[in-house]
Each structure stands twice: as structure tokens, then as C-alpha cells.
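In: Need the 3D shape of this:
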Amino acid sequence: MIHATNALQESAITTLAFFMDDGIREALHAELAPCRPREFWAAYAERADDAAEVLASVGAVVRETAGMWGRMTVDNVDDCWVVTDSAGGTWWPVGAGADEVDASPEPMEAALDMCIERPSFGEWTA
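Out: I've put the predicted structure just below:
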């Protein structure tokens with residue numbers, strides 16, 4: 001299953017909706033509204049065969065975090081999930097960190113969590 005991050009924001013789900021299958025999106029809206037964006041995406045990802053393509057079309061998933069982290073995006077760059085912060089720095093998982101992200105069923109979320117919780121498993125570039 002393809003998941004976005006836990007803090008999927010309303011603006012992100014609006015962007016994702018543009019690329020979703022209209023029939024599935026409307027059926028889920030009728031069934032689930034009102035609901036949190038994260039819940040809506042999880043339901044869409046379970047039903048739609050194009051969930052990975054929807055995320056690829058959007059190109060990045062945005063996670064708002066508290067305090068010093070600010071806005072962070074997770075992107076797939078050269079087959080590697082990387083995290084970019086609001087100051088323009090990019091965190092790249094390396095070695096065992098990269099292997100763990102690649103093996104995760106939710107690589108976007110794994111990369112973001114690792115970047116925040118275990119930054120030594122990667123390298124920051126400006």
C-alpha cells in the first residue's frame with residue numbers, strides 16, 4: 001500500500017485529488033466525508049491501482065513539523081528518497097540507512113522519520 005506521511009495537509013490532499021481517479025475519489029468522498037486528509041488518502045490507496053502514479057505525478061509529499069524543522073518535503077531523486085528542509089538543505093540516506101529506507105513498505109515516511117530521529121544514517125548537503 002502507498003501511504004503519504006502522517007501529517008498530510010489539506011493543501012496536499014487537494015493537489016493529490018487533481019490526479020486521482022474521479023470515480024474512486026467521489027465515491028470515497030460520499031462515504032468518508034468529513035474525514036482527515038490522511039484517512040482519505042489511506043482509503044484511496046487501498047482501492048486505486050494508480051496510487052503510486054498519483055504520488056509520482058505530484059512529485060513530493062509535504063510534512064509540516066513543529067519547531068525547528070519547519071516544512072520538509074520527501075522526494076525520490078535518482079531512485080533515492082531524500083528529505084529537503086525549508087532552508088534548502090537536503091538529507092540523503094547512506095549505507096544501512098539507504099538500505100532500510102529502500103526495504104520499507106513506506107519509504108517516504110521511513111526517510112522522513114530517519115532524517116529527524118536518526119540523522120546520522122544519512123548526510124546533509126546544502
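In: ends of stretch 93-111, how far apart?
Out: Stretch 93-111 has an end-to-end distance of 7 Å (C-alpha to C-alpha, to the nearest Å).
In: Do you have the helices of this protein handy? List them.
Out: Ranges of helices in the chain, per DSSP state H, are 10-19, 22-32, 37-47, 51-58, 96-103, 107-117.
In: buried sites along the second one?
Out: Residues 24, 25, 28 are the ones in helix 22-32 that count as buried (16 or more other C-beta atoms under 10 Å). All C-beta spots, glycine's among them, are computed from the backbone N, C-alpha and C.
In: again, but for the third one
Out: Applying a neighbour-count criterion of 16+ other C-beta under 10 Å, the buried positions in helix 37-47 are 37, 38, 40, 41, 42, 43, 44, 45.
In: and that helix, how far from the chain's centre?
Out: 13 Å (C-alpha atoms, centre = their mean, to the nearest Å).
In: quick check: mean pLDDT across that helix?
Out: For helix 37-47, mean pLDDT rounds to 83.
In: nearest spatial neighbour of residue 53, skipping sequence neighbours?
Out: The spatially closest residue to residue 53, leaving aside those adjacent along the chain, is residue 19, at 7.6 Å (C-beta to C-beta, 6 or more residues apart in numbering).
In: give me the number of residues near that neighbour?
Out: 14 (other C-beta atoms under 10 Å).
In: is it true that it touches residue 51?
Out: No: assessed by C-beta atoms under 8 Å, residue 19 is found out of contact with residue 51, at 10.0 Å.
In: which residue lies farthest from the center of this protein?
Out: Taking C-alpha atoms, centre = their mean, the residue of the chain most remote from its mean C-alpha position is residue 30, at 24.6 Å.
In: got a list of what that one touches?
Out: Contacts for residue 30 were tallied using C-beta atoms under 8 Å, 6 or more residues apart in numbering; there are none.
In: can you check the one 4 residues further on too?
Out: Residue 34 makes contact with no residue under the criterion C-beta under 8 Å, 6+ apart.
In: How much space separates it from residue 103?
Out: Residue 34 sits 36 Å away from residue 103, going by C-beta to C-beta, to the nearest Å.
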